[in-house]
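Trainee: Next input, structure requested:
(one chain, ligands or ions: 2)
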Amino acid sequence: MSVLVFDLDGTLVSSMEDLVATLNAVLEKAGHGTVPQDKVANMVGMGAKVLLQRGLDYLEIEWSDETIIPLYEDFLDYYAANIAVHTRPFDGVIPALQRFRADGWKLAVCTNKTERLTLPLLAALNMTDHFDAVVGGDTFSVSKPHAEPVLGAIQRAGGTLEGSIMIGDSVTDINAARAAGIPVVAVDFGYTPVPVTELGPDRIISHFDELADAVDGLRT
Ligand SMILES: O=C(O)COP(=O)(O)O
Ligand SMILES: [Mg+2]
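Mentor: Ligands and ions are numbered 1, 2, ... in the order given. Modelled structure (predicted):
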C-alpha cells in the first residue's frame, strides 16, 4: 500500500500564530525583543532550535550551542502549554484525510517538529487517529531534508515506497522527497521564504480539495 506523507507546520496545520507567540515570549523573557510575524514565516521548517537561532540572527544577537539550550527549554515549555491556542488544520484537511484513507491510502506525518511537541499538537487537534505513523524531527538521527525520516514514515505506516507521495510547504520537504525518490506535491499557503512555484515540486495545490486530482495526476 502506498503512503501519503504529510509535512505538519504550514501544510496540515496553520500554526504560525502560536509559533510566533512562543518565539517572542521566549525572546522577550530573555530580554532580546521580538520578531515580526511576517519574518517568522521564513524561519519555520527546521524545528524549534533553528527557529530560535534564526530569530536571534534577525535580532543580531550572538548565540552559541550552549546559550541556545535554556531558550530551547523555555520554548518547549511555553509551546507545550500553548500548543493549539490558534493552531488549526487548514481548510479541507480533515475531509481530505478521511477520503484518502477510505480509498485505501496509508497516511503519515513527517515533520521537523520534535516528537515531544508533535504528538500533543496532533492530539489537541483530534488528528492523531488519522495517521498510521508520525515521525518527528528527532525520531531518527537526521531530519528532513534527509531521506531517512520520509523512508521511516513510509515503513512505519506499513506502506511501500512505490506509489508513495510527499506533501509539503517548503524546500526542506521537496528535497527530502527527492532524496527518498518519491514525488512531491507542494501547498502554496505554507511557510517558505522562496515561493514553491520556484522550487520545482511535481504539483502545486492551493487548497486541500485539489489534492485528490494532484495525486491522480502523479499516478497515471
Ligand atoms: O519548524 C518546525 O517546527 C517544523 O516544521 P515542519 O512541520 O514544517 O517540518
Ligand atoms: Mg512545513
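Trainee: Kindly report the domain assignment for the protein.
Mentor: 2-14+87-219, 16-81 (automatic domain parsing).
Trainee: how about those domains in CSV, adding mean pLDDT and mean neighbour count?
Mentor: Heads up, the C-betas are built off the backbone N, CA and C, glycines and all. Putting the domains of the chain into CSV (pLDDT from 0 to 100; neighbours: other C-beta atoms under 10 Å) gives the following:
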stretch, mean pLDDT, mean neighbour count
domain 2-14+87-219, 97, 20
domain 16-81, 96, 17
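Trainee: With distance to ligand 1 added, can I get these in TSV?
Mentor: Converted to TSV, the domains of the chain look like this (distance: least, C-beta to the nearest ligand atom, whole Å):
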stretch	distance to ligand 1
domain 2-14+87-219	3
domain 16-81	5
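Trainee: would you turn these into a markdown table with distance to ligand 2?
Mentor: Formatted as a markdown table, these follow (distance: least, C-beta to the ion, whole Å):
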| stretch | distance to ligand 2 |
| --- | --- |
| domain 2-14+87-219 | 4 |
| domain 16-81 | 5 |
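Trainee: just the CA coordinates of the top strand by length along the chain, formatted as PDB?
Mentor: Longest strand in the chain, counting residues (DSSP state E): strand 160-168. Presented in PDB, the C-alpha positions along strand 160-168 are these (Å, rounded to 0.1, in the frame of the first residue of the first chain):
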ATOM      1  CA  THR A 160       5.700   0.700   0.200                       C
ATOM      2  CA  LEU A 161       8.000   3.300  -1.300                       C
ATOM      3  CA  GLU A 162       6.400   2.700  -4.700                       C
ATOM      4  CA  GLY A 163       3.400   4.900  -5.200                       C
ATOM      5  CA  SER A 164       4.000   7.000  -2.100                       C
ATOM      6  CA  ILE A 165       3.900  10.800  -2.300                       C
ATOM      7  CA  MET A 166       5.100  13.600  -0.100                       C
ATOM      8  CA  ILE A 167       3.000  16.700   0.600                       C
ATOM      9  CA  GLY A 168       4.800  19.800   2.000                       C
END
